[in-house]
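In: predicted structure and sequence below. I'll ask about it afterward.
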Amino acid sequence: MADVNFTPARDGTSSASTSQGNTNSYVFDVFVNHRGPDVKKGLASHIYNRLTDFGLGVFLDQEVLERGEGLNPQIEGAIRTASVHVAIFSPNYAQSAWCLDELVQMLESGSTIIPVFYNVEPADLRWTRSGDRVYGRDLASFERKRKFDGQPRYEPNTIEKWRNALSAVADIIGFELKDKEEWQLVHEVVQQVLKKVRKPPLDVAKYPTGVDEKIKELDRTLSLQRQREKATVLGIVGLGGVGKTTLAKQFFNRERSNYDRSCFLFDVRSKSLPSLQSSLFTDLIQRNAQINSVAEGIGWLKTVDQRALIILDDTDHINQLDALCAPVVDSIHVRSRLILITSRNKDVLISAGIEESSIYTLKGLNPELSRELFCWHAFGQPRPVIGFEEVVKKFLDVCNGLPLSLKVIGALLRGKHDLKHWDAQLRKTSKVLPEDIQNTLRISYDALDGEEKQIFLDIACFFIGEDRDTSIRVWDGSNWEGFLGLWKLENRCLVEVDAENCLRMHDHLRDLGRDIAENPEHPRRLCRFTKNFLHNVVSDQSPVRGISVVDGNDSEPVHGNGHEQSFENLARRCNLSTLQILQAESHSVERVFQRGLRHSVERLFGRVQLPPLIYLRWENCPKSSLPPSIPLKNLRVLHIKGRRLKTLWRHQSQAPLQLRELHINAPLSKVPRSIGKLKRLQSLRLDFSQLQQLPKSVGNLTGLQLLELRHCTSLQTLPESVGNLTGLQSLDLRWCNVLQTLPESVGNLTGLQRFNLFGCSRLQTLPESVGNMTGLQRFNLFGCSSLQTLPESVGNMTGLLKSADAPRVGGLFKSADAPRVGGKPDGPPTS
């Protein structure tokens, strides 16, 4: 449907907002009610285009209906899910029964309605019982219409509903054309929509059975707190897998339209506090802050004064609430705050000063809802298949209402039509539940083949929150079928891929995987360094696949034979010849091992022969270049972040020829020419660099699919050789604010799909050759304030036009033929 004005809401949110039996998979943020012949090609389209520029899902008219679906169900669904309705009243509006029916449904939905009076006045809506005004004459015409048998075509009650709806909307303050230019009217309407619309809802669950019932129970706790003269802080506590995050997402979707700002922080326990503070500040202020310490973050958050809804999901330590919750609660306008915190540990919330009356303890599902959820996952319907009723009851007894068990075990049985298989599985399951829930999850793990188990363990230990494509590149480097293995894990509900293409795993499954990974059954994955780790775990020279010493891994200072030797002991007592994955955050290494901040990673490799390292992530790298002791030869993925890094490697012999992904966040001043030897490179990110130019050899990277140079504030131009990157799909140059020109050769990038020039404020011209980018789907020029005109060849971008993304080139229109460069601001500047 690329040739129609259609932009559904993001994140695949249908399961969160529509009934399970509804086949319409789209949720909309805005519904535009209008009379097509009057305004479709003008005002309505301009409003539609501007709103889609901001990433909103907009239902414009019947052209967005899916083939094979009736008209009314999808229109009713769009009206029901949209948080804002724009009603454009034009001279011929009331001649359409369809428009009038939609208006009635809009009022019944209770959502915000923004009236736009286009060459009509509010009085035309208010006075409809006589023929003195245009809408009165149109409704009188409906009253005169007859069927073949002489009966009225429209029931009097229907026409009366139309009159009442028009009269009700006439009393709502709206926008009139009057003496304005049409582009001014568009701007005013769009700004009002942006104030009122909620963000696209989060995806709650594939089958959100029982969520509404739990929301009602949570509301009772909420109602007790809203009477107080301070910020409302609620807690949800419960067993892992009971549905705390699911409930929090549903609550967030429902409440966020009542606040100016909203933020949902997932997986708090597994992330560093400064990064969480940065995310929270960005969402609340709509401006980035590069926060380097918890104390600095607290200072920033105390300046926030917006009305805000904040969700802190999966907290497990008082330090997290001190850093994220306390500063916001203590700042001004506290009564306009609603903060919801989820945790397995009630003591964490009480220690933070949250009263027990403000904490909701989430229990499992009742037998009826348990049966429904289990059957959705096992059979794809809310009730058992005939003949399976009794065995389903037995499984429900074993699962004991725990949603995660119902989901995982139900999915394990999906497609198994032999009762003998169910009975055998029941006997196995009954041995481990309800006494030990992790044993239940082990059943799903045991059903995997050897390669799938390895991928599962990698995710549990290293790749939760990691990009899906990055993870697949690592597994392919291990000669595994990464794509197929991940697909199988997703189908078994063991892993999920979120809207940002990142891997997610339930915390119970994560803990199961980490427990298994510390066993010599498979090559070990070392990610939890506890007090007696070196003595109890690493003593048998078992092969090690990966090591992760980063924030959020439940690590604490290691007890060894002297702090100075602890990291050396790790290398001495482990068999690191099989090491393929290393995640090291220098501050965390120092915290765990007490010594060796500057040389810890080098020291590790100095103890062993070069291992076949495939993935290296080094946070807070203290070096100006990658030391020669670090093995780069077999790397597939290299992520480096550090304030001192000036170049990648000093010697051509260090160039990692097998590399597929290179992501650097550092003030690089030089990129070695030997980067052109990385012929297999697919993704290159050089963010926050001080590069003035890229080497010409970059043009040799013919396999490159993504090139990102964000916040490279010294970059003046791109080499002409960039035109050789014909496989490039995404080029991101946002905030390269001294970039003045682009080479003519960029027109050779005919396969480019996304081109982001946001914030390139000194860019003066675009080459005529950009019109050759016929596959371009997103083209963001917002903030290119020095760019006065666009080349005529832009009209050749047929892919952009078909995807309804052409507005990202034009933005608002001062007149019919004078475009002002605009688009959606994808990212604010870093301060």
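Out: Good, I have the coordinates.

In: who touches the closest residue to Q320 other than its chain neighbours in this structure?
Out: Residue nearest to Q320 in three dimensions, not counting chain neighbours: V268, with 5.4 Å by Cβ to Cβ, 6 or more residues apart in numbering. For the C-beta atoms, the positions are set from N, CA and C on the backbone; glycine is no exception. Listed by Cβ atoms under 8 Å, 6 or more residues apart in numbering, the contact set of V268 reads L276, L312, D313, D314, T315, D316, Q320, L324.

In: just the CA trace of whichever strand or helix holds the third one, in CSV.
Out: Spelled out, it's D313. Element membership of D313, judged by DSSP states H and E, is strand 308-315. C-alpha atoms of strand 308-315 as CSV (Å, rounded to 0.1, in the frame of the first residue of the first chain):
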residue,chain,number,x,y,z
ALA,A,308,5.4,14.0,33.9
LEU,A,309,4.6,10.3,34.0
ILE,A,310,7.6,8.1,34.8
ILE,A,311,7.9,4.3,34.9
LEU,A,312,11.0,2.7,36.4
ASP,A,313,10.8,-1.0,35.5
ASP,A,314,12.6,-3.8,37.2
THR,A,315,14.5,-2.0,39.9
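
In: quick check: next helix or strand after that strand?
Out: Defined by DSSP H and E, the subsequent element after strand 308-315 is helix 318-324.

In: if we can go back for a sec, output the contacts of V268 as TSV; include the columns pLDDT and distance to D687.
Out: As requested, these are exported to TSV (pLDDT from 0 to 100; distance: Cβ to Cβ, whole Å):
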residue	pLDDT	distance to D687
L276	89	20
L312	95	27
D313	94	27
D314	90	28
T315	90	29
D316	84	31
Q320	92	27
L324	89	25
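
In: distance of the residue nearest to Q320 from T342?
Out: 9 Å (Cβ to Cβ, to the nearest Å).

In: shared neighbours of the two, anything?
Out: In contact with both V268 and T342: L312, D313, D314, T315, using Cβ under 8 Å, 6+ apart.

In: next, find the distance separating the closest residue to P743 other than its chain neighbours from L742.
Out: Nearest non-adjacent residue to P743, counting by Cβ to Cβ, 6+ apart: E720, 4.6 Å away. Plainly put, E720 is 10 Å away from L742 if you go by Cβ to Cβ.

In: between the two, which one's more packed in?
Out: L742 (22 against 13; other Cβ atoms under 10 Å).

In: picking up where we left off before, from K696, how far out is the residue nearest to P743?
Out: Separation of E720 from K696 (Cβ to Cβ): 8 Å.

In: okay, now the sheet partners of the helix or strand hosting I547, with direction.
Out: Following DSSP H and E, one finds I547 within strand 544-549. Using DSSP bridges, the strands paired with strand 544-549 are strand 524-526 (parallel), strand 581-585 (parallel).

In: between those, which one is nearest to A44?
Out: For A44, the closest of the strands paired with strand 544-549 is strand 581-585, at 50.8 Å, according to Cβ to Cβ.

In: what sits up against that closest one?
Out: Residues outside strand 581-585 that contact it (Cβ under 8 Å, 6+ apart): 272, 458, 462, 474, 525, 545-551, 600-601, 604, 613-620.

In: what about D149, neighbour count?
Out: Using other Cβ under 10 Å, D149 is surrounded by 5 other residues.

In: what do you get for G131?
Out: G131 has 12 neighbours, counted by other Cβ under 10 Å.

In: got any ranges where the stretch 601-750 of the chain has weak pLDDT?
Out: Counting by pLDDT under 70, the stretch 601-750 of the chain contains low-confidence ranges at 601-610.

In: all strands of it, in order?
Out: Taking DSSP state E, counting those that start in this stretch as the criterion, the stretch 601-750 of the chain contains strands spanning 615-619, 637-641, 661-665, 683-687, 706-708, 730-732.

In: make a markdown table out of these and add mean neighbour count and distance to G513.
Out: A markdown table is the format used below for the strands of the stretch 601-750 of the chain (neighbours: other Cβ atoms under 10 Å; distance: least, Cβ to Cβ, whole Å):
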| stretch | mean neighbour count | distance to G513 |
| --- | --- | --- |
| strand 615-619 | 22 | 17 |
| strand 637-641 | 21 | 20 |
| strand 661-665 | 21 | 23 |
| strand 683-687 | 20 | 26 |
| strand 706-708 | 20 | 29 |
| strand 730-732 | 20 | 32 |
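
In: and the ones you listed as CSV, adding distance to F28?
Out: Output for the strands of the stretch 601-750 of the chain, formatted as CSV (distance: least, Cβ to Cβ, whole Å):
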stretch, distance to F28
strand 615-619, 39
strand 637-641, 37
strand 661-665, 35
strand 683-687, 33
strand 706-708, 30
strand 730-732, 27
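
In: what's the first-to-last distance across stretch 42-60?
Out: Terminal residues of stretch 42-60 lie 13 Å apart, using Cα to Cα, to the nearest Å.

In: quick one: the helices in the stretch 401-550 of the chain?
Out: In the stretch 401-550 of the chain, the helices defined using DSSP state H, counting those that start in this stretch lie at 403-413, 419-430, 437-446, 450-458, 468-477, 482-491, 507-517, 533-536.

In: can I assume S625 is in contact with G642?
Out: No. In this structure S625 lies outside contact range of G642 using Cβ atoms under 8 Å: 10.3 Å.

In: please enumerate the helices of the stretch 201-350 of the chain.
Out: 211-225, 244-255, 273-285, 294-301, 318-324, 326-330, 346-351.

In: lowest-confidence stretch among those?
Out: For the helices of the stretch 201-350 of the chain, the weakest mean pLDDT is recorded on helix 326-330, namely a mean of 74.

In: of all the helices of the stretch 201-350 of the chain, which lies closest to I664?
Out: Nearest to I664, of all those, is helix 273-285, at 17.6 Å by Cβ to Cβ.

In: then that closest one to PDB, C-alphas only?
Out: The C-alpha coordinates for helix 273-285 follow below in PDB (Å, rounded to 0.1, in the frame of the first residue of the first chain):
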ATOM      1  CA  LEU A 273      22.700   4.800  36.300                       C
ATOM      2  CA  PRO A 274      24.200   7.700  34.200                       C
ATOM      3  CA  SER A 275      22.800   6.300  31.000                       C
ATOM      4  CA  LEU A 276      19.300   5.900  32.700                       C
ATOM      5  CA  GLN A 277      19.500   9.400  34.000                       C
ATOM      6  CA  SER A 278      20.400  10.600  30.400                       C
ATOM      7  CA  SER A 279      17.400   8.800  29.000                       C
ATOM      8  CA  LEU A 280      15.000  10.100  31.700                       C
ATOM      9  CA  PHE A 281      16.300  13.700  31.200                       C
ATOM     10  CA  THR A 282      16.000  13.500  27.400                       C
ATOM     11  CA  ASP A 283      12.400  12.300  27.500                       C
ATOM     12  CA  LEU A 284      11.300  14.900  30.100                       C
ATOM     13  CA  ILE A 285      13.100  17.900  28.700                       C
END
